[in-house]
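Enquirer: A structural model of the following input is requested.
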Amino acid sequence: MAYARVKAVGLVGYEGHPVTVEAHVSGGLPGLVISGLPDASVHEARDRVRAAVINSGEHWPQRKVTVNLLPADLPKRGSVFDLALAMVVLIATGVLALPGIGSTAWIGELGLDGRVRPVRGVLPMVLAAARAGIRRVVVPAANAAEAGLVPDVTVVAPETLKQLIEYARTGVAIPTPLYTLEDDEPEGPDLAEVVGQRRGRLALELAAAGRHHLALIGPPGAGKTMLAQRLPSILPPLDDKSALEVTALHSVAGLLPPSPRLIRRPPFQAPHHTASAPALVGGGTGLPRPGACSLAHHGVLFLDEAPHFSTSVLNALRQPLEDGCVTLARAHGTIRFPARIQLVLAANPCPCGSPKELECTCPPAARRTYFNRLSGPLLDRIDLKVRLNPVGAAALVGAPEEQECSADVLKRVLSAREAAARRWAGRGFSVNAHAPGAVLRSPPFRLPNRVTQGLADRVERGLLSARGYDRVLRVAWTIVDLEGRVVPTKGDINEALELRTGETA
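Expert: Numbers count the residues shown, from 1 in each chain. Just a heads-up that it's a prediction; the model follows:
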């Protein structure tokens, strides 16, 4: 047989795309030619595949072999095509004859000794194969558990190319790797461990109920980091669609554990303040990788000591906060990673971080420089800006005060989320933080002028932006949802404004 084709799957960003790998064997100088927009690692597959086939005990054809990867305009990157290349050459040269080959996708990297090595991004690739109607996938044994997360797909997981050839030639079954799909995730830190900070706990609950962005400002030791780390514990678990998206992103980044599971708990990412822009929003040479912003998709991105981050890095967050995705434009094309995040910033009041403002030794210029790294446009996108006071000695050495645990707060958050979802049903969003300003200012959700007059006056005087006006309204609706009421009052508007600016209307 001089011609053959098999199915593979490639990655562009974090999305899998079915790829047809076809081979033609003809006369001419012996060699393997690969076309179809391959990158350097795919070109290098010629030597890897040849060595793997020979070391698996098979004969490499001494003829010209032309391999084409379709569609030709889709970039092909990485070593995931090695297994498909080996199989299509063996079938085209008549070494193997596989019935029903069109219903199988081949994914995996080959070592020179013929071992089938694991690759990143197996989950989104298998999902793409399933959406294309492919019901059997061949993946490395080390990726079998990850591929098993996709329902209604048969997984074949060889450890070596020789094992796979015997399976194709004689039907010798490949042993299924032993793995378990874990459903339960380890418990995270609990809100009951936070001492005092009633105002901080209120802001955290509001942030969870409405998915609002939050800034915590206070001296060292006030509990900013403790509060931020416990935000995921009061967020609703991810539904099936969101869990698959988040797990796929972690798969592309190579961050899934050895025993993979669908990530049900909202992720929490806390990059160090020395992180670069590509580390935060994604990028890199060759195959772009998702950054911390995308790895926090449907979860929390926490920037501790936010003023110490580079200004350019912080400003790179402005587009993801508005659009819910990261768009990476490169010479070879544009890639989008989802990044529907909840941003939490933490900062000291000044560089010296004195617990008492009157004891601060920082000159005014130093304080201005410190906070100027948090640009106005970025801070304008933060709904809640809360100042935390130091925890008093009485809370530390006195009789322990029983604090609400995360499970109790989560019940209220779930109730508030359900109320918001009913209100916004059929409008394309379900949480208050995503409500467009045009919807908030139009019937039937437009509030009476007597309720919003104070906000309008602040906008007129330049003390509040139009974006800030809408964000105060969103927080007011969240206050109503948490308290089980129907429509915000002037008091709710004042409370939302005070949580944003420290002032009332």
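Enquirer: From here on, just use CA atoms for contacts and neighbour counts.
Expert: Noted.
Enquirer: so who does Val138 touch?
Expert: The contact partners of Val138, by Cα atoms under 8 Å, 6 or more residues apart in numbering, come to 104-108, 155-158.
Enquirer: That one pairs with what?
Expert: Taking DSSP bridges as the rule, Val138 bridges to Trp106, Val156.
Enquirer: Look at it and report its pLDDT.
Expert: Predicted confidence (pLDDT) for Val138: 94.
Enquirer: Got the domain ranges for the chain?
Expert: Domain assignment for the chain, taken from automatic domain parsing, gives 3-170, 185-392, 405-505.
Enquirer: So what's the gap between the last one and the chain middle?
Expert: When you say that, I think you mean domain 405-505. The chain centroid and the centroid of domain 405-505 are separated by 27 Å under Cα atoms, centre = their mean, to the nearest Å.
Enquirer: Ok, stretch 37-49 next?
Expert: Relative to the chain's own centre, stretch 37-49 is displaced by 29 Å; criterion: Cα atoms, centre = their mean.
Enquirer: returning to what we had before: weed out the non-buried ones from the contacts of Val138.
Expert: Those of the contacts of Val138 that meet the buried threshold are 104-108, 155-158, by 16 or more other Cα atoms under 10 Å.
Enquirer: could I get these as TSV with distance to Cys352?
Expert: TSV is the format used below for the buried ones among the contacts of Val138 (distance: Cα to Cα, whole Å):
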residue	distance to Cys352
Thr104	62
Ala105	59
Trp106	58
Ile107	54
Gly108	53
Val155	57
Val156	59
Ala157	57
Pro158	58
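Enquirer: and the domains of the chain, which one is worst for confidence?
Expert: Lowest mean pLDDT of those: domain 185-392, a mean of 87.
Enquirer: What distance do you get for the closest residue to Ala192 other than its chain neighbours to Lys411?
Expert: Leaving aside its sequence neighbours, Ala192 sits nearest to Cys405 (Cα to Cα, 6 or more residues apart in numbering; 4.4 Å). Distance of Cys405 to Lys411, computed by Cα to Cα, to the nearest Å: 11 Å.
Enquirer: now Val194
Expert: As defined by Cα to Cα, Val194 lies at a distance of 18 Å from Lys411.
Enquirer: and if you look at Pro260?
Expert: In terms of Cα to Cα, Pro260 sits 28 Å off from Lys411.
Enquirer: These two: which is more packed in?
Expert: Pro260 (22 against 14; other Cα atoms under 10 Å).
Enquirer: now that one, nearest residue through space, not along the chain?
Expert: In space, and not counting its chain neighbours, Pro260 is closest to Glu146: 5.6 Å by Cα to Cα, 6+ apart.
Enquirer: Closest to Thr93 out of the buried ones among the contacts of Val138?
Expert: Distance ranking of those against Thr93, using Cα to Cα, places Trp106 first at 18.0 Å.
Enquirer: about what we covered before: which of the buried ones among the contacts of Val138 lies closest to Arg136?
Expert: Checking those one by one against Arg136 (Cα to Cα), the nearest turns out to be Thr104, at 4.8 Å.
Enquirer: Let me see the backbone angles for the closest residue to that closest one other than its chain neighbours.
Expert: Spatially, and ignoring its direct neighbours in sequence, Thr104 is nearest to Arg136 (4.8 Å; Cα to Cα, 6+ apart). Dihedral pair for Arg136: phi -140, psi 130, per degrees, to the nearest 10.
Enquirer: Wait, Arg136 touches Val150, no?
Expert: No: between Arg136 and Val150 there is no contact under Cα atoms under 8 Å: 11.1 Å.
Enquirer: With neighbour numbers in mind, choose between these two.
Expert: More crowded of Arg136 and Val150, by other Cα under 10 Å: Arg136, with 20 against 17.
Enquirer: before we move on, the earlier item: export the domains of the chain as TSV, with columns for distance to Pro177.
Expert: What follows is these, written out as TSV (distance: least, Cα to Cα, whole Å):
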stretch	distance to Pro177
domain 3-170	6
domain 185-392	12
domain 405-505	37
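Enquirer: who touches the lengthiest strand in the chain?
Expert: For the chain, the strand with the greatest residue count under DSSP state E is strand 15-26. Identification of contacts with strand 15-26 by Cα under 8 Å, 6+ apart yields 2-11, 63-71, 84-85, 88-89, 92-93, 124-129, 132.
Enquirer: Name the next helix or strand downstream of it, please.
Expert: strand 31-35 (DSSP states H and E).
Enquirer: Could you export that following strand as PDB, CA atoms only?
Expert: Taking Å, rounded to 0.1, in the frame of the first residue of the first chain, the C-alpha atoms of strand 31-35 are listed here in PDB:
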ATOM      1  CA  GLY A  31      13.900  10.100   3.200                       C
ATOM      2  CA  LEU A  32      11.000  11.500   5.100                       C
ATOM      3  CA  VAL A  33       9.500  14.800   4.000                       C
ATOM      4  CA  ILE A  34       6.900  16.500   6.300                       C
ATOM      5  CA  SER A  35       4.600  19.300   5.100                       C
END
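Enquirer: could you give the angle of it to strand 15-26?
Expert: Here strand 31-35 points in a direction 140 degrees away from that of strand 15-26 (axes from the mean of the first three to the mean of the last three Cα atoms, to 10 degrees).
Enquirer: now for strand 31-35, which elements pack on it?
Expert: With contacts taken as 3 or more Cα pairs under 8 Å, 6 or more residues apart in numbering; DSSP states H and E, strand 31-35 sits against strand 64-70.
Enquirer: Partner strands of the strand it packs on, with direction?
Expert: strand 15-26 (antiparallel), strand 31-35 (parallel).
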